[in-house]
Each structure stands twice: as C-alpha cells, then as structure tokens.
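1. can't give you the sequence, but here's the structure:
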C-alpha cells in the first residue's frame with residue numbers, strides 16, 4: 001500500500017508495534033526444553049492481548065500463530081508439541097498480523113543460549129546485510145539493485161542467498177505489490193521502489209543452499225543443498241531519503 005494520510009501511517013505503525021513486540025518477547029521467552037508449540041501459543045496470546053490477529057492463520061489457515069523454523073528449516077516451520085528446543089539451536093521466528101485493517105510483517109533468526117554450533121557468524125551477516133539493504137532503499141531505486149546488494153554482501157561473507165523467498169509489499173493485506181523483492185539481481189525486474197509505499201524487506205542468507213524446497217507437510221521449507229539459513233525482516237515505508245522502519249521495536253539490531 002501507499003501511505004497517503006496520517007491515519008494510515010498510525011494504522012501501519014500500530015500493526016507493526018504488535019508484531020515487533022511479539023517477536024521480541026517470543027525471542028526472550030524461548031528456552032531449552034520448551035516446545036515450539038508452547039512458544040507459538042505464547043506469541044498468539046501476545047497478539048490477542050494487543051487486538052491483533054495472526055496473518056498466516058487468517059490468510060492461509062497456517063497451523064500456528066507464527067512460523068517457527070529450527071536449525072535446518074529455512075522458513076515456514078510449523079509449531080509442534082514434538083519439536084523441543086535445545087541449547088545452541090538456530091531459531092527463526094516470523095510474526096505477521098492484522099490490526100484494525102492494517103497488516104505488518106517481521107522476523108528474525110537467533111541462537112538459543114550458547115552458540116555451541118557456531119551459527120553466530122551467519123546470524124550476524126543476515127542482520128548486517130538487512131541493515132545495509134534498508135539504508136539503500138528510497139523512492140526511485142530499482143528493486144533489482146537492492147537484490148544485487150544483498151547477494152553481493154552475502155558472497156563477500158562467504159554465503160549464498162535463497163532465491164525463491166522474497167520480500168514483498170504489505171499494508172492492506174499480508175502480500176501486496178511489489179511481490180518480488182528478491183535477494184539477488186533479477187535483470188528482468190525493472191520495478192522501482194515507490195515513495196510512501198510500505199514493504200517488508202527480508203534477507204535469506206544461507207550457508208549452502210540457493211532454493212528452499214517445500215517438505216511433505218506442505219509448509220516447512222528446507223534448503224535444496226542443506227546447510228542453514230538466517231532471516232531478518234522489517235516492515236518499512238519508502239521515503240525520499242532513509243526509510244521509516246515501522247518494526248524497529250523488535251530489537252533485531254540491538
């Protein structure tokens with residue numbers, strides 16, 4: 001969507017606060033021995049307290065309030081009572097929701113407790129690449145050039161990018177135009193970022209894979225060549241200068 005009134009800006013900000021605070025609190029709540037279902041139900045309760053509704057549940061009938069992906073899972077992990085978190089796990093939580101007709105999306109990967117498996121470098125690369133990508137977005141910039149930046153920075157750090165998972169427009173629904181804010185340079189995409197538009201920018205930085213394949217459960221995505229993936233995501237408004245980061249309260253850069 002494009003923000004044209006102060007009411008719209010406030011609406012997006014309130015939806016963004018709901019998902020950002022939920023993501024931050026879920027990350028703080030996670031601990032070894034907890035199931036991903038317990039963590040998800042905590043997140044669902046937080047959203048409900050703020051009057052927000054889970055976007056994946058609302059839009060796709062996803063079997064959970066949030067997507068929680070663990071270790072080899074790249075995205076869209078289904079919360080489960082059988083999936084027990086352990087020290088050193090690489091965890092990704094993606095929280096998106098609707099509040100008063102406005103939608104916002106954010107996510108982040110983190111390590112549970114001590115980094116005993118050495119995932120820290122990947123997580124930090126994903127965070128820093130997202131920061132650099134967002135700082136280069138303004139009205140008139142080609143979407144493909146931001147993809148080029150993300151892919152180039154990933155390569156510099158020794159990583160690949162997942163090419164079939166992308167950022168997207170957001171605001172009046174979960175996924176809007178532009179639908180393909182890719183993590184690589186797509187020379188066929190000539191679309192430019194529009195001033196005042198609301199978009200969800202996300203990195204998918206991988207140790208090995210370039211495509212995320214859907215598993216038998218119909219949801220969970222795992223890299224085609226294995227390895228691990230870190231994702232970080234903010235909902236922003238494009239301006240003529242530095243973007244407005246609506247989901248800054250998630251603390252993924254703290």
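-> Yes, it's here. Everything numeric here is computed off the predicted structure, so don't read it as measured data.

2. now the helices: where do they sit in the stretch 101-250 of the chain?
-> Along the stretch 101-250 of the chain, the segments classed as helices by DSSP state H, counting those that start in this stretch run 120-135, 143-156.

3. now do the last one: distance to the chain's middle.
-> Relative to its chain's centre, helix 143-156 lies at 17 Å (CA atoms, centre = their mean, to the nearest Å).

4. next, the buried residues of it.
-> By neighbour count on 16 or more other CB atoms under 10 Å, the buried set for helix 143-156 is 143-144, 146-151, 153-154. (Each C-beta comes from the backbone N, C-alpha and C, glycine too.)

5. let me know the closest of those residues to residue 86.
-> residue 154 (27.1 Å; CB to CB).

6. so how far is residue 133 from the closest one?
-> For residue 154, the distance to residue 133 (CB to CB, to the nearest Å) stands at 11 Å.

7. okay, and the beta partners of the closest residue in space to residue 177 that isn't next to it in sequence?
-> Spatial nearest neighbour of residue 177, chain neighbours left out: residue 169 (5.0 Å); criterion: CB to CB, 6 or more residues apart in numbering. Residue 169 has these beta-bridge partners by DSSP bridges: residue 176, residue 199.

8. what do residue 154 and residue 133 both touch?
-> Common neighbours of residue 154 and residue 133, using CB atoms under 8 Å, 6 or more residues apart in numbering, are residue 203.

9. re the thing from before, kindly tell me how buried the residue nearest to residue 177 is, as a neighbour count.
-> Residues lying near residue 169 (other CB atoms under 10 Å) number 20.

10. return the residues in contact with it.
-> 1, 175-179, 197-200.

11. closest one to residue 241 out of those residues, please.
-> The closest of the contacts of residue 169 to residue 241 turns out to be residue 197 (CB to CB; 14.5 Å).

12. now the strands for this protein?
-> 53-54, 67-70, 73-75, 90-99, 102-111, 160-161, 167-169, 176-181, 198-206, 212-214, 221-223, 229-237, 244-245 (DSSP state E).

13. so how far is the first one off the chain centroid?
-> Centroid separation for strand 53-54 versus its chain: 16 Å, with CA atoms, centre = their mean.

14. repeat for stretch 113-132
-> 14 Å.

15. now that stretch: buried residues?
-> 119, 122-123, 125-131.

16. what's the farthest-apart pair in those?
-> For those, with distances taken as CB to CB, the pair at the greatest spread is 119 and 131 (18.7 Å).

17. burial count for the closest residue to residue 181 other than its chain neighbours?
-> Excluding the flanking residues, the one nearest residue 181 by CB to CB, 6+ apart is residue 167, at 3.4 Å. Residues lying near residue 167 (other CB under 10 Å) number 28.

18. quick one: mean pLDDT for the lengthiest helix in the chain?
-> The longest helix of the chain (DSSP state H) is helix 6-29. For helix 6-29, mean pLDDT is 98.

19. list the helices and strands that helix packs on?
-> If you count contacts as 3 or more CB pairs under 8 Å, 6 or more residues apart in numbering; DSSP states H and E, helix 6-29 packs onto helix 36-49, strand 90-99, strand 102-111, strand 229-237.

20. ok, now with 7 Å
-> Using 3 or more CB pairs under 7 Å, 6 or more residues apart in numbering; DSSP states H and E, the elements in contact with helix 6-29 are helix 36-49, strand 90-99, strand 102-111.
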